[in-house]
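Peer 1: just a sequence and a predicted model for now, questions to come.
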Amino acid sequence: MTLPPLSQHILRQLELQPDKNYLTPHELIGLRHYVGSLADRIRAYRQLREREMKLIQELVDQLPDEVQTETTALEQSIKQTILILRYAALGMLVDDANLGRRRLEGWLPTMIEVYKTQPVDELLHRSLNQQLPRLLTESQMAMLKPPLEAAQKLLQADKD
Amino acid sequence: MVIVSDLFTDASISANYFATDVYVHGTLELGLLENRRGERLLALPDTLLRAIYTGLDNETGQASMLVLYNCGRWWGKNFYTRFCEELTDYYNRPVSSLALLEFEQALQQCWLTHGWGQISLDADYREDGFLILRIRGSAFIDYAPKLERPVGFLETGALQAFFSELSGETLHCVQTACESLGAEENCFILGIQERLTMAEMGVEQGLSHDEIMRQLVPSSL
């Protein structure tokens, strides 16, 4: 199976080769669309950055007791959740849905296997996905979703 | 009770250190390629690699295999030091505390990012005292002169030195399958020298990797 090519951040998506040609109308529309949403992306990013710690702590506090006692798996899973959220946030900021996937795909599945984090990951990400819409507006959520989902997919890929 | 803020005291959380798009940097206007610690990397032209093989063969003939193998040992030994230094600094804990799979992942990603191909570790024969390493897409083997035997001399030396340093034992390495001979991947067996004599004889006789393994570990039948 060949994976689809992984997209790049916004400036890489453009052919920066003025010796060949001007940017195409299609590329300019994309760029304008991106610039138009940039203020909103920055607000969402800032919101996530400021609320990260509190948000994750809330997710952890809601976990059932039996999960709380598996400290090693829990701590690793928390780190993974933070990483995924950070990559998703940055992916949203620079319009690169696959940033997290590119950086984490060769690594995350191994960590899940070594630290047996899958059950905790599942719980944490289920409540993360429920909590995020409370922090962000609908349009911000729509921009965060693609990079978040692309990174979260890696959590299920370990059984392949 | 896990307090999340305790988990990131320095606000950094370790991830995939050797990830390709963050590991390789460059100050290209100065003509420098660097890794993420600012240490110099070089892009090795394939023509230079071929030229080294040809030059060695012209000057030293048969001995070039041994020269390459020894170069590989130096490479492996220094590569081990650098690899561990980088991981220790990044993870802030000794490499020996990493799980085997974590270690393997880092090695795989490192190999990949440097463009040396895909390496994997097979610990199935660990109990019997052997470790199998497989490498796919090796440039060093692709450009080596074709012989009627495996030609991964550089990697044989490098793996031997790397894993000797890692295990603290003097290990030996024998390549038993080679992409240059049509194998899907290059196989290397690591173990102590006396126990690998049979593997070396097997390679001379042109036996396959599986046949050699059956001789080394008869119970694996």
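Peer 2: Received it, and whenever you're ready, just let me know what you need.
Peer 1: residue of chain B closest to chain A, please.
Peer 2: For chain B, the residue closest to chain A is B:Asn16, as judged by C-beta to the nearest C-beta, at 3.6 Å. Using the backbone N, CA and C atoms, a C-beta is placed for each residue, glycine as well.
Peer 1: so is that residue in a helix, a strand, or just coil?
Peer 2: B:Asn16 falls in the coil class when you classify it by DSSP: H, G, I helix; E, B strand; the rest coil.
Peer 1: so the residue nearest the centre of chain B versus B:Ile119, what's the distance?
Peer 2: By C-alpha atoms, centre = their mean, chain B has its centre lying nearest to B:Leu159, at 4.8 Å. Using C-beta to C-beta, to the nearest Å, one obtains 9 Å as the distance from B:Leu159 to B:Ile119.
Peer 1: overlap of the contact sets of these two?
Peer 2: Taking C-beta atoms under 8 Å, 6 or more residues apart in numbering or on different chains as the contact rule, B:Leu159 and B:Ile119 both touch B:Leu133.
Peer 1: picking up where we left off before, quick one, what contacts the residue nearest to the centre of chain B?
Peer 2: B:Gly72, B:Gly76, B:Leu133, B:Cys173, B:Phe188, B:Leu190.
Peer 1: all helices for chain B, in order.
Peer 2: Counting by DSSP state H, chain B has helices at residues B:4-7, B:20-23, B:46-60, B:64-91, B:100-113, B:139-142, B:153-167, B:193-204, B:209-216.
Peer 1: looks like the residue of chain B closest to chain A contacts A:Gly106 (just checking).
Peer 2: Yes. Counting by C-beta atoms under 8 Å, B:Asn16 touches A:Gly106, with 6.0 Å between them.
Peer 1: between those two, which is the more surrounded one?
Peer 2: B:Asn16 (22 against 19; other C-beta atoms under 10 Å in any protein chain shown).
Peer 1: quick check on that one: phi, psi?
Peer 2: With angles defined as degrees, to the nearest 10, B:Asn16 sits at phi -90, psi 90.
Peer 1: enumerate the residues of chain A near chain B.
Peer 2: A:53, A:56-57, A:60, A:68, A:71, A:74-75, A:78-79, A:82-83, A:86, A:102-104, A:106-108, A:110-111, A:113-114 (C-beta under 8 Å from any C-beta of the partner chain).
Peer 1: shaky segments in chain B?
Peer 2: Residue ranges of chain B with pLDDT under 70: B:9-12, B:220-221.
Peer 1: quick check: residues of it near chain A?
Peer 2: Of all the residues in chain B, those lying near chain A are B:1-5, B:7-8, B:13-16, B:19, B:21-22, B:99, B:101-102, B:104-105, B:108-109, B:112, going by C-beta under 8 Å from any C-beta.
Peer 1: of these, buried ones?
Peer 2: With burial judged by 16 or more other C-beta atoms under 10 Å in any protein chain shown, the buried subset of these is B:2, B:4, B:7, B:15-16, B:19, B:101-102, B:104-105, B:108-109, B:112.
Peer 1: in chain A, which helix has the most residues?
Peer 2: Criterion DSSP H: the longest helix present in chain A is helix A:25-61.
Peer 1: quick one: buried residues of that helix?
Peer 2: A:30-31, A:34, A:37, A:41, A:44-45, A:47-48, A:51-53, A:55-56, A:59-60.
Peer 1: in ChimeraX, how would I select the buried members of the residues of chain A next to chain B?
Peer 2: Buried residues among the residues of chain A next to chain B (16+ other C-beta under 10 Å), as a ChimeraX selection:
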select /A:53,56,60,74,75,78,79,82,83,86,102,103,104,106,107,108,110,111,113,114
